[in-house]
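Undergrad: here are the coordinates; sequence isn't available:
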């Protein structure tokens, strides 16, 4: 549950209260009008109703310059509300609103000094772990996982048809990947004699099981966000790590081992494509979409185009993996 707080002109009170009653809001209370003519209206809204209530409020207050809508967390409610029997519609609905998701996910697409520093540090950690064949250190680099955010952000942006966030995510992805590959390339060029550990070589081999793992992990990442199970993200970060194969690719290129570099490149590409594609499809399944009909039409066009592109890329990668496996077997 969340508290939705609306600060708007007092004249909107009856309309907003009517919307709350229509959506069976659990509780509602209001303050007195301030000297600026605005009034505070608060209501306790459950997870299933929250998106519909927010959409209705935005439709009413969209033309009001001085209106504000705040979503406040609730740690506990006493007495506890009676649990409702879940219906098929409610089972597939999201428990985190579009606006809350945007606040969480948009931060992962920001290209700033903090993101670049996290990429640099996690690349160093991953490279050391791979060189020393130390699984614990490699897992540490996976948990840092700065590269996962921009790809989830890209999938989210295409679900909303938000072109600004799409390009922002792409730019952050490119910058992070370029930095990680460049640093790993230098490490591989300086210390080529240490690139024979089993953990390093493991990330130069890719099969269809890697495709399945990445698809499942991308879907799990979105599911954890839309259902407010953020703790599950740690498992996703470990399951489908992007930095270890990126570090492996850079080091193998730096040491001139291009055959092994190809395997690492395939694994990295599989992880990127599968995570992005399955995240897009999970956002669709969970009903994440824009509010207005015009935005929905633009989002459908954007979503269809990007899903088609990623499906084609996945088909190409699967074909390459199968052919590569046949060549190695022969």
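TA: It's in. Values in this document were obtained by computation on a predicted structure and should not be read as measured data.

Undergrad: now the element after the lowest-mean-pLDDT helix or strand in the chain, going C-ward?
TA: Across the helices and strands of the chain, mean pLDDT, DSSP states H and E gives its lowest value to helix 88-91, namely a mean of 46. Past helix 88-91, heading to the C-terminal end, the next element that is a helix or strand (DSSP states H and E) is helix 98-106.

Undergrad: any stretches of this structure with poor pLDDT?
TA: Within the chain, the set of residues satisfying pLDDT under 70 comprises 82-95, 145, 228-241, 292-295, 298, 330.

Undergrad: tell me, what residue is most central in it?
TA: In the chain, the residue lying closest to the centroid (C-alpha atoms, centre = their mean) is residue 152, at 2.7 Å.

Undergrad: so who does it touch?
TA: Taking C-beta atoms under 8 Å, 6 or more residues apart in numbering, we find residue 152 in contact with 105, 108, 218, 221-222, 225, 275, 279. (Glycine included, C-beta is placed from N, CA and C.)

Undergrad: any chance of these in a markdown table with distance to residue 129 and secondary structure as columns?
TA: A markdown table is the format used below for the contacts of residue 152 (distance: C-beta to C-beta, whole Å; DSSP: H, G, I helix; E, B strand; the rest coil):
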| residue | distance to residue 129 | secondary structure |
| --- | --- | --- |
| 105 | 28 | helix |
| 108 | 23 | helix |
| 218 | 23 | helix |
| 221 | 22 | helix |
| 222 | 28 | helix |
| 225 | 27 | helix |
| 275 | 21 | helix |
| 279 | 26 | helix |
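
Undergrad: can you classify the most far-flung residue of the chain relative to its centre as helix, strand or coil?
TA: Centroid-distance maximum for the chain: residue 35 at 42.1 Å, with C-alpha atoms, centre = their mean. The assignment at residue 35 comes out as coil when based on DSSP: H, G, I helix; E, B strand; the rest coil.

Undergrad: tell me where this structure has strands.
TA: Under the criterion DSSP state E, the chain contains strands at 2-9, 27-30, 38-45, 68-73.

Undergrad: next, the angle strand 2-9 makes with the third one.
TA: In this case it means strand 38-45. Regarding strand 38-45 and strand 2-9, their directions subtend 160 degrees when assessed with axes from the mean of the first three to the mean of the last three C-alpha atoms, to 10 degrees.

Undergrad: outside of strand 38-45, which residues touch it?
TA: 1-10, 12-13, 16-17, 20, 23, 25-33, 53, 66-67, 74, 77.

Undergrad: turn the contacts of residue 152 into JSON lines, including distance to residue 312 and neighbour count.
TA: Output for these, formatted as JSON lines (distance: C-beta to C-beta, whole Å; neighbours: other C-beta atoms under 10 Å):
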{"residue": "105", "distance to residue 312": "25", "neighbour count": "22"}
{"residue": "108", "distance to residue 312": "26", "neighbour count": "20"}
{"residue": "218", "distance to residue 312": "17", "neighbour count": "29"}
{"residue": "221", "distance to residue 312": "22", "neighbour count": "26"}
{"residue": "222", "distance to residue 312": "21", "neighbour count": "28"}
{"residue": "225", "distance to residue 312": "26", "neighbour count": "27"}
{"residue": "275", "distance to residue 312": "16", "neighbour count": "29"}
{"residue": "279", "distance to residue 312": "17", "neighbour count": "29"}
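
Undergrad: and which of these is nearest to residue 317?
TA: Closest approach to residue 317 among these (C-beta to C-beta): residue 275, at 12.7 Å.

Undergrad: wait, what's in contact with the closest one?
TA: Neighbour list for residue 275: 148, 151-152, 214-215, 217-218, 221, 240, 242 [criterion: C-beta under 8 Å, 6+ apart].

Undergrad: turn the strands of the chain into JSON lines, including mean neighbour count and distance to residue 166.
TA: As requested, the strands of the chain are exported to JSON lines (neighbours: other C-beta atoms under 10 Å; distance: least, C-beta to C-beta, whole Å):
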{"stretch": "strand 2-9", "mean neighbour count": "19", "distance to residue 166": "28"}
{"stretch": "strand 27-30", "mean neighbour count": "13", "distance to residue 166": "38"}
{"stretch": "strand 38-45", "mean neighbour count": "20", "distance to residue 166": "30"}
{"stretch": "strand 68-73", "mean neighbour count": "12", "distance to residue 166": "24"}
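
Undergrad: so the residue nearest to residue 147 when sequence neighbours are not counted versus residue 141, what's the distance?
TA: Leaving aside its chain neighbours, residue 147 sits nearest to residue 242 (4.1 Å; criterion: C-beta to C-beta, 6 or more residues apart in numbering). Taking C-beta to C-beta, to the nearest Å as the measure, residue 242 and residue 141 are separated by 10 Å.

Undergrad: more crowded one of those two?
TA: residue 242 (27 against 24; other C-beta atoms under 10 Å).

Undergrad: how many neighbours does the closest residue in space to residue 136 that isn't next to it in sequence have?
TA: Nearest in space to residue 136, with sequence neighbours left out and distances taken as C-beta to C-beta, 6+ apart, is residue 129 at 7.6 Å. For residue 129, the number of neighbouring residues by other C-beta under 10 Å comes to 23.
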